[in-house]
Each structure stands twice: as structure tokens, then as C-alpha cells.
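J.: structure for this input, please:
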Amino acid sequence: MTTIGTLDRLPASVGGTTVDQGERAAPPAIGRRPTRRFLQVALGLLWLLDGLLQLQPFMFSGRFARQVIAPVASGQPEWVAWPVRHAASVIGAHPVPINLAFALVQLGLGAAFLSRRTVRPAVVGSVVWAASVWFLGEGLGGLAGGTASLLTGAPGAVVLYAVLALAAWPGSDEAGGRDRGVASWFPVAWAVIWLDLALVAVLPANRSTGAVRDQVEATAGQVPGWLAHVDHAVAGGVGHVGPWAPVALVVAPVAIGLLGLGGTRPRRIAGGVGIGVAIAVWVVGQGLGLLASGSATDPNAGPLLALCGVALLGVVTPASPPATPAGPD
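T.: Numbering: from 1, shown residues only. Down below sits the predicted model:
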């Protein structure tokens with residue numbers, strides 16, 4: 001009887017050419033994990049969604065500047081608030097051409113990610129665009145003003161676009177059709193993101209039971225009735241849990257972030273739990289990104305944070321020395 005180990009040692013012949021086992025086995029192993037190309041396509045679809053959201057009638061009115069951009073300056077230090085107010089003023093003065101430009105940029109990024117030939121310019125464009133929008137449109141996600149929270153969208157959806165775009169940078173061997181897993185540096189980025197979420201959870205605005213309850217119910221008046229009932233039910237549960245709720249919002253991100261720095265198994269746990277938490281807070285707290293409100297500019301941070309979890313599962317670990325193959329039974 002021949003074991004799998006023995007079969008693995010046998011060469012494969014393709015078109016009359018013998019293929020080395022290492023070359024034959026590597027692509028399937030990579031294909032079982034999320035790849036950079038997967039991230040590129042996911043980012044392309046998300047940028048297309050953002051571009052379509054930017055084409056909503058609300059965005060072409062002065063209300064976009066007054067009700068979406070300008071309020072971001074509230075509670076921020078002046079070095080953040082002034083540029084945001086200035087950007088809102090400029091957008092409010094010329095809403096149609098400026099908003100049309102915003103939409104075209106995002107649609108262009110989405111299309112560029114979907115084509116292998118234009119992925120590199122798409123990555124560069126995403127980082128530049130995300131940095132400007134994160135500062136002028138999201139006010140650094142509220143981090144500087146002490147109002148950021150995992151439940152309300154920290155660290156900001158658009159900054160996650162930039163991180164994921166860098167993780168999706170194509171490898172040198174992708175031109176030959178071979179896809180690669182996510183770069184080995186990504187667990188560090190994952191840890192920084194989640195430890196930051198733990199840090200903001202201890203800010204005065206977030207560390208009380210009442211604050212957590214209010215954040216859960218923040219979108220209840222802007223979402224469909226069924227989702228509002230979920231928000232109220234979860235908020236009631238937070239009240240019963242008491243001080244353990246804010247504690248959980250510190251401990252869980254720390255554990256998720258640090259596990260991501262471990263080996264394959266801890267990383268899988270971190271990615272899976274992180275995806276679950278991201279989806280949960282997207283539903284409860286972020287109100288599914290208020291996508292049906294007519295004024296959403298993106299799906300909020302939940303889906304991007306979940307995509308970070310998928311990227312973590314696709315991280316390529318350094319190659320280890322080959323194990324001694326098993327002999328026949």
C-alpha cells in the first residue's frame with residue numbers, strides 16, 4: 001500500500017515534461033488560502049460600491065457638505081477641525097462638480113483593481129486617496145478627538161482601504177499567472193489595528209456602560225425596524241452586563257491583535273474571531289453602514305475590518321525545511 005507521503009515523492013509529467021514535486025505542490029497550497037488577487041478583486045468591488053454611493057442624489061446637494069463632512073470637525077483639535085471645515089466649505093460651494101469628481105475617482109480605482117495590468121497604480125491611488133479622505137472627510141476617524149470607538153467605525157473605513165491596498169500589492173511572480181498569498185508583514189498591521197481599537201476603548205468617552213449602550217443604539221433611529229429592535233435588545237443586554245461590557249471592548253481586541261502575531265493556528269483563530277466581531281459590530285453599532293439611508297459614502301469599517309481578517313488568513317509564512325517523507329506502510 002502506498003502512502004500519501006510516497007505519492008508526494010513521485011514526479012508528475014505534463015506535456016512530456018517532468019515537473020518537480022515542489023513546483024507541482026506549491027500552487028495548490030497557496031490556492032487554499034486567500035490570495036493577493038482575492039484582495040485586489042474585493043477592493044475593486046468595494047471601491048465601485050463607494051463610487052455608486054457617491055452618485056446618490058443627496059451627494060450632489062449642499063447637504064452632503066453640511067450634514068456629512070462638517071460634523072466631523074466637532075470635538076476635534078483645531079489642527080484637524082480647521083481643514084475639515086475648510087473642505088466642507090469648498091464642497092458646499094461646488095457640490096455637483098466636486099462630488100462627480102469624487103465618484104469618478106472611486107469608480108476608477110475600482111475598475112483599476114479589477115484589471116491585473118492596473119493593480120499597481122490602483123494601490124498607489126488608493127493610498128493617496130484614502131489618506132486625504134481619512135483626514136479631510138473622516139477627521140482621522142475621530143482618533144484625535146477621543147471619540148473613536150469600534151462600535152461606531154474606528155479606526156475609519158478609508159484607512160483600512162489603504163492598509164489592504166498595500167497588502168494587495170502584486171508580487172513579482174504574478175505576471176506569470178501564479179498568485180501569491182498575503183505578505184508576511186500583514187500580521188503586524190493587524191495587531192496595530194486591533195491594539196488601537198483596544199486603546200480607544202479606554203478613552204473617557206467609551207469606558208462606561210452607558211457610553212457603550214449609547215453607541216449600540218446610535219443608529220437605531222436610522223435603520224429598518226427589525227434592526228432597530230436588535231439594537232435595543234443588545235443595548236438592554238449591555239445594561240445587564242454592566243461594567244463588563246467596556247472591559248470586553250478592551251480585552252477582546254487585545255487578544256485578537258496579539259493572536260494574529262502567533263503561528264498558523266493562533267493566526268487562524270484571530271482571523272476567524274476578528275471577522276465575527278467585525279460583522280457583529282457592523283450590524284449592531286454601525287447599522288449595516290446605513291447603506292439604505294441615501295447618505296452613506298461607504299459601508300463603514302465593519303466589512304473592511306472583516307476583509308482584514310480574511311487577509312490575515314492568507315498570510316504566507318516563511319518556507320520551512322521539507323519534512324522527511326513517510327515511507328510505505
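J.: next, count neighbours for Leu312.
T.: With neighbours defined by other CB atoms under 10 Å, the count for Leu312 comes to 26. (Glycine included, C-beta is placed from N, CA and C.)
J.: what about the strands in the chain?
T.: For the chain, the strands defined by DSSP state E cover 12-14, 17-19.
J.: Leu259 - how many residues pack around it?
T.: For Leu259, using other CB under 10 Å, the count is 23.
J.: list the residues that contact Gly276.
T.: By CB atoms under 8 Å, 6 or more residues apart in numbering, Gly276 lies in contact with nothing.
J.: verify the contact between Pro95 and Ser61 for me.
T.: Yes. Applying CB atoms under 8 Å as the test, Pro95 and Ser61 come out as touching, 6.0 Å apart.
J.: which one's more surrounded, these two?
T.: A count of neighbours by other CB under 10 Å puts Pro95 above the other of Pro95 and Ser61, at 18 against 15.
J.: ok, the more buried one - contacts?
T.: Contacts for Pro95 (CB under 8 Å, 6+ apart) come out as Met59, Phe60, Ser61, Gly62, Phe64, Ala65.
J.: these two touch, right, the fourth one and Ser89?
T.: Meaning Gly62. No. The pair Gly62 / Ser89 is not scored as a contact, 10.5 Å apart, by CB under 8 Å.
J.: tell me which residues of stretch 208-220 are tucked away?
T.: Residues of stretch 208-220 classed as buried by neighbour count (16 or more other CB atoms under 10 Å): Thr209, Ala211, Val212, Arg213, Gln215, Val216, Glu217, Ala218, Thr219, Ala220.
J.: typed the wrong thing, it's stretch 180-195
T.: Arg180, Gly181, Val182, Ala183, Phe186, Pro187, Ala189, Trp190, Ala191, Ile193, Trp194.
J.: contacts for stretch 69-84, please.
T.: With contact meaning CB under 8 Å, 6+ apart, stretch 69-84 is reached by 85, 87-88, 91-92, 135-140, 142, 144-147.
J.: report the buried members of those residues.
T.: 85, 87-88, 91-92, 135-140, 142, 144-145, 147.
J.: restricted to helices, list those.
T.: Arg85, Ala87, Ala88, Ile91, Gly92, Phe135, Leu136 (DSSP state H).
J.: now do the fourth one, the pLDDT please.
T.: To tie it back to what came earlier, the one meant is Ile91. On pLDDT, Ile91 comes in at 96.
J.: that one and Ser61 touch, don't they?
T.: No. Contact criterion CB under 8 Å: Ile91 and Ser61 do not qualify, at 10.7 Å.
J.: so where is the stretch 51-200 of the chain shaky, pLDDT-wise?
T.: The stretch 51-200 of the chain contains residues with pLDDT under 70 at 172-179.
J.: rerun that using 80 as the cut-off
T.: Along the stretch 51-200 of the chain, segments meeting pLDDT under 80 span 171-180.
J.: nearest to Leu203, of the buried residues of stretch 208-220?
T.: Taking CB to CB as the measure, Leu203 lies nearest Ala211 of those, at 9.3 Å.
J.: these two touch, right, the closest one and Ala201?
T.: No. Counting by CB under 8 Å, Ala211 does not reach Ala201; the two are 9.9 Å apart.
J.: what touches both of these two?
T.: Common contacts of Ala211 and Ala201, defined by CB under 8 Å, 6+ apart, comprise Pro246.
J.: now distance to Leu312 too, for the ones in helices among the buried ones among the contacts of stretch 69-84, in CSV please.
T.: Below are these laid out as CSV (distance: CB to CB, whole Å):
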residue, distance to Leu312
Arg85, 37
Ala87, 33
Ala88, 36
Ile91, 36
Gly92, 40
Phe135, 26
Leu136, 29
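J.: for Gly262, state which of those residues is nearest.
T.: Sorting these by distance to Gly262 puts Phe135 at the head of the list, at 33.2 Å, by CB to CB.
J.: which residue is the nearest non-sequential neighbour of that closest one?
T.: The shortest distance from Phe135 to any non-neighbouring residue, by CB to CB, 6 or more residues apart in numbering, is to Pro83 (6.8 Å).
J.: now Leu150: closest residue in space that isn't a chain neighbour?
T.: Leu197 (4.7 Å).
J.: next one: the one you found from Ala292, what distance?
T.: Going from Leu197 to Ala292 by CB to CB, to the nearest Å gives 26 Å.
J.: more neighbours, the two?
T.: Leu197 (26 against 12).
J.: next one: that one from Val250, what distance?
T.: Counting by CB to CB, the gap from Leu197 to Val250 is 9 Å.
J.: neighbours of the nearest residue to Gly139 once chain neighbours are set aside, how many?
T.: Spatial nearest neighbour of Gly139, excluding adjacent residues (CB to CB, 6+ apart): Val72 at 4.0 Å. By the criterion of other CB under 10 Å, Val72 has 22 neighbours.
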